[in-house]
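[1] generate coordinates for the sequence data below:
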Amino acid sequence: MCSIYGTIGKNYKNIEKNFSESLHHRGPDDKGIFYDDSMDLALGHTRLSIIDLSNHAHQPMKDENYTLVFNGEIYNYKDIKKELIELGYKFVTNSDTEVVLKSYIEWREKCLNKFRGMFAFCIYDKQKEKLFLARDRFGIKPLIYTFLDDQFIFSSELKPFLNSNTIEKRLSKEAIIDYYTFGSVKQPKTILENVYQLMPSHYMEVDITSLEYKITKYYDYVKESLNLPSIKTYEEAVKKLRSELEVATKHHLVADVNVGAFLSGGVDSTAVVGLMKQYKENITTFSVGFKNKTNIIDETEIATRSAKFLGTKHYNIKIDDEYVRNIIDDFIYYLEQPSIDGINSYIVSLETAKELKVALSGLGGDEIFAGYPHFKSIIEYSNKNSNLFTKSLSLLNKLRPNRFTNRFQFYGLDEFEAMNKQRTINKNIFKILKKTLSTIDYPLSTINYQPSTINLSPIQKVSKVEIDNYLINTLLRDTDAVSMAHSLEVRPILLDHKLVEFAFRLPDNYKIKDNLLKAVFIDSVKDIIPNEVWQRKKTGFEMPFSEWLNGKLNAKFLEVSNNPALKQIFKEEYLNNLKFKIKNLKLDRRDWMDFVFMSWIERFGVNL
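    Presented below is the predicted three-dimensional model:
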């Protein structure tokens, strides 16, 4: 795991000074830079050594007319290497990096179909005078780029752009609306104007002389799932799913360093550790809880019992308000762009990195196996004809939402509209933003959804929206940023693309069965996890945001809310009301969104 960066154009010799230091945390073990002065081109790399720890795997890696910088892990690299050796290729390292380079030389863009793993990389083809950049299927690894003034620049992170004078640092108005609508920025946008993310499952070719470029989608999990044979019975699905999980686990354990795991009280992370135990001894696990908190759920007790059941060396990370105050500035910096999520992952990564370089995660299980409660509500109530009774309950839900009325908000909506409503955090975004923004002809920000030519089931539709939005824009983006802040590689095993394809293909009544969410997944792993884990009601992990904001973070909140740059974005009335709440300790968890955004603005000195 590493970071990559590069540029074509003027000032190419300054790229290392501007980018390498900002990316050091992603690759503290080694660094390298390649220049082609004839093309005004530079490619840089910082390395976190996971596979082939020797200097032979140093990057940038060259092979005649090709130069590669690579961030990620290719779990099936040994199988691909055997195939390439049979084709006559010779290898000088034991690394997956060399396999990526020679795979491209042999198969060009079709090499992407062979890779099983997470990756973002750039290959310079000197003969064709082009760059080839690619990102993995679900966007586990980031790839950020910009074109400006006859120059192309790319990087693993946004921070080099924020920390240097490489670009003019202007906030994207559309990204602000995304954030205040959904709690994160929708890809391909970033929070900065004219800086973008290459979308998951896409590759990009850039002509070095003209800077003309083309972006192509190379993978679609929906279409790939159609190529799988149908499953005839539930029992067959359970058995086959277990097999797919075991294959994915073996792949994700490939490393030349020790591999541990995050362990919460949930089914996904517990199942991941249970699967690891089939192939690995001496597993180290980590969970986060709270000191002296009685009003929020603390999963460390059940995680401890699970760790005992599974036989792991377990660490409970117990935090208090002072701990959060001490780490909040670094969290905002490494979060990289505003998001309402990520602090839990930041904390568990910080502590895990003291012991390990690699940790497996259960991220993605709810999205692909229908684990969120709203899967039930949307499937049951969307696309139903609304009547006076349901309209009244829907209106009541707007005025006073509760567990009973929440489901009626989906009446008369299709799955896409229902999911847009479900994931919309702030439904009054245009009342919040300053008139100079809100009166411009902006469409209301909506989740990404491309209608499929394939006839999808209701759960498939909801799952697709969750994968293409919340998963890639919030969960995966945040996890990469905050884990690599501590030089920790997090591997989301349940997003193995073969596993996702299989899960997506399964019938709806296998995923929600006898009113049980994720039924087929639970039945495939319940023999290797404690009964209390899979039998307990799903509970989301919550942080005591209101206590922090009215306590140890209150003074910081007041400080950042006085930033003059905010007057360009927010109505004066809104800022005054917020400051009143801060001073009178009237803040609630919804104000975390403002705190993160304003702290981020203050930290990076960005404005409109």
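[2] quick check, pLDDT for T405.
    Looking at T405, its pLDDT reads 61.
[3] need the nearest residue in space to V69, chain neighbours excluded.
    I4 (4.1 Å; Cβ to Cβ, 6 or more residues apart in numbering). In short, each C-beta sits where N, CA and C put it, glycine included.
[4] show the average pLDDT along the helix or strand containing that neighbour.
    Assessed by DSSP states H and E, I4 sits inside strand 2-8. Averaging pLDDT along strand 2-8 yields 94.
[5] got the contact list for the closest residue to K513 other than its chain neighbours?
    Spatial nearest neighbour of K513, excluding adjacent residues (Cβ to Cβ, 6+ apart): A519 at 3.6 Å. A519 makes contact with Y510, K511, I512, K513, according to Cβ atoms under 8 Å, 6 or more residues apart in numbering.
[6] tell me the most packed of those, by neighbour count.
    K511 (25 neighbours; other Cβ atoms under 10 Å).
[7] gap between that residue and A134?
    Here K511 is placed at a distance of 31 Å from A134 (Cβ to Cβ, to the nearest Å).
[8] quick one on the thing from earlier: in terms of pLDDT, where does the residue nearest to K513 sit?
    Note for A519: predicted pLDDT of 97.
[9] residues contacting the strand holding I4, please?
    Residues from elsewhere that reach strand 2-8 (Cβ under 8 Å, 6+ apart): 15, 19-20, 23, 26-27, 39-48, 59, 69-71, 120-122, 131, 143, 151-157, 160, 206, 208, 211, 484.
[10] hmm, Q568 is touching N607, no?
    Yes - counting by Cβ atoms under 8 Å, Q568 touches N607, with 5.9 Å between them.
[11] not counting residues beside it along the chain, what's closest to S156?
    S3 (4.0 Å).
[12] circling back: could you identify the most distant pair in the contacts of A519?
    Put simply, by Cβ to Cβ the two of these set farthest apart are Y510 and I512, 8.3 Å from each other.
[13] follow-up on the earlier one: make a ChimeraX selection of the buried ones in the contacts of strand 2-8.
    In ChimeraX, this line selects whichever of these come out buried by 16 or more other Cβ atoms under 10 Å:
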select :15,19,20,23,26,27,40,41,42,43,44,45,46,47,48,59,69,70,71,120,121,122,131,143,151,152,153,154,155,156,157,160,206,208,484
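[14] the contacts of strand 2-8 in helices, which ones?
    Secondary structure from DSSP state H places I15, F19, P160, M484 of the contacts of strand 2-8 in helices.
[15] which residues of the stretch 451-600 of the chain score low on pLDDT?
    Along the stretch 451-600 of the chain, the parts satisfying pLDDT under 70 run over 451-453, 540-541.
[16] where do the strands of it begin and end?
    Ranges of strands in the stretch 451-600 of the chain, per DSSP state E, counting those that start in this stretch, are 489-492.
[17] go on, the stretch 51-200 of the chain?
    Counting by DSSP E, counting those that start in this stretch, the segments of the stretch 51-200 of the chain that form strands are 61-63, 66-74, 117-125, 130-135, 144-148, 151-155, 196-197.
[18] what would these look like in TSV with distance to E336 and mean pLDDT?
    Formatted as TSV, the strands of the stretch 51-200 of the chain follow (distance: least, Cβ to Cβ, whole Å; pLDDT from 0 to 100):
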stretch	distance to E336	mean pLDDT
strand 61-63	27	94
strand 66-74	15	97
strand 117-125	15	98
strand 130-135	17	98
strand 144-148	9	95
strand 151-155	11	96
strand 196-197	11	98
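[19] what would these look like in TSV with distance to I378?
    Below are these laid out as TSV (distance: least, Cβ to Cβ, whole Å):
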stretch	distance to I378
strand 61-63	47
strand 66-74	34
strand 117-125	29
strand 130-135	29
strand 144-148	33
strand 151-155	38
strand 196-197	28
